[in-house]
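Colleague: Need a 3D model of the sequence below.
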Amino acid sequence: MPYTKICIHYVWSTKNRVPTLTKPFRYLLFDHILKNAIKKQIHIDSLNGHVDYVHCLVWLKPGQTISEIARLIKGESAHWFNHRSGFQSEKLEWQDEYFAVSVSESIVPAVRRYIDNQERHHQKKNFMEEYKEFIERYHFE
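Modeller: Down below sits the predicted model:
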């Protein structure tokens, strides 16, 4: 059996940045994502976001790929959200794109704090400012 310790920080947004993830629906969705991840043997360490994006910290298991995890979380969660009665009328669609960067085990606690404090963080900086910082920091083209 292989032993691995690979931590990935994912960030993805709603399609066209539509603010679909309003309270309390956002927390119901996050709760569902966490429960569904357990069923699919996905280890989500931290999960949070705001009205139009999600941050997710995942520990990959042997055989799991970055793209597979993104597909499983995003696809199933949108399907679940859109088939709940009583939820808002705005349909949840995710952008096809996402960020995924590896996280050194030594900074996992700092990334957790960052993810946990998204609402407070975005009172100071909007998603587009953060997006540009990610592009620059991780040298995405």
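
Colleague: residue ranges with poor pLDDT in the protein?
Modeller: Applying pLDDT under 70 to the chain picks out residues 85, 88-89, 122.

Colleague: Show me which positions of the longest helix anywhere in the chain end up buried.
Modeller: Identified as the longest helix of the chain according to DSSP state H is helix 66-82. Neighbour counts over helix 66-82 (16 or more other Cβ atoms under 10 Å) mark 66, 69-70, 73-74, 76-78, 80-81 as buried. Heads up, the C-betas are built off the backbone N, CA and C, glycines and all.

Colleague: Kindly format the C-alpha coordinates of that helix as PDB.
Modeller: The C-alpha trace of helix 66-82 is given here as PDB (Å, rounded to 0.1, in the frame of the first residue of the first chain):
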ATOM      1  CA  ILE A  66      -6.800  16.600  -8.700                       C
ATOM      2  CA  SER A  67      -9.200  16.800 -11.600                       C
ATOM      3  CA  GLU A  68     -11.200  13.800 -10.400                       C
ATOM      4  CA  ILE A  69     -11.800  15.300  -7.000                       C
ATOM      5  CA  ALA A  70     -12.800  18.700  -8.500                       C
ATOM      6  CA  ARG A  71     -15.200  16.900 -10.800                       C
ATOM      7  CA  LEU A  72     -16.700  14.800  -8.100                       C
ATOM      8  CA  ILE A  73     -17.200  17.700  -5.700                       C
ATOM      9  CA  LYS A  74     -18.400  20.300  -8.100                       C
ATOM     10  CA  GLY A  75     -20.700  18.200 -10.300                       C
ATOM     11  CA  GLU A  76     -22.500  16.300  -7.500                       C
ATOM     12  CA  SER A  77     -22.900  19.400  -5.400                       C
ATOM     13  CA  ALA A  78     -24.500  21.500  -8.200                       C
ATOM     14  CA  HIS A  79     -26.800  18.600  -9.000                       C
ATOM     15  CA  TRP A  80     -27.900  18.200  -5.300                       C
ATOM     16  CA  PHE A  81     -28.400  22.000  -4.900                       C
ATOM     17  CA  ASN A  82     -30.500  22.300  -8.000                       C
END
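
Colleague: Need the residues that contact that helix.
Modeller: Contact partners of helix 66-82, identified using Cβ atoms under 8 Å, 6 or more residues apart in numbering, comprise 8, 10, 12, 25, 29, 32-33, 36-37, 40, 42, 56, 58, 60, 87, 91-94, 98, 100.
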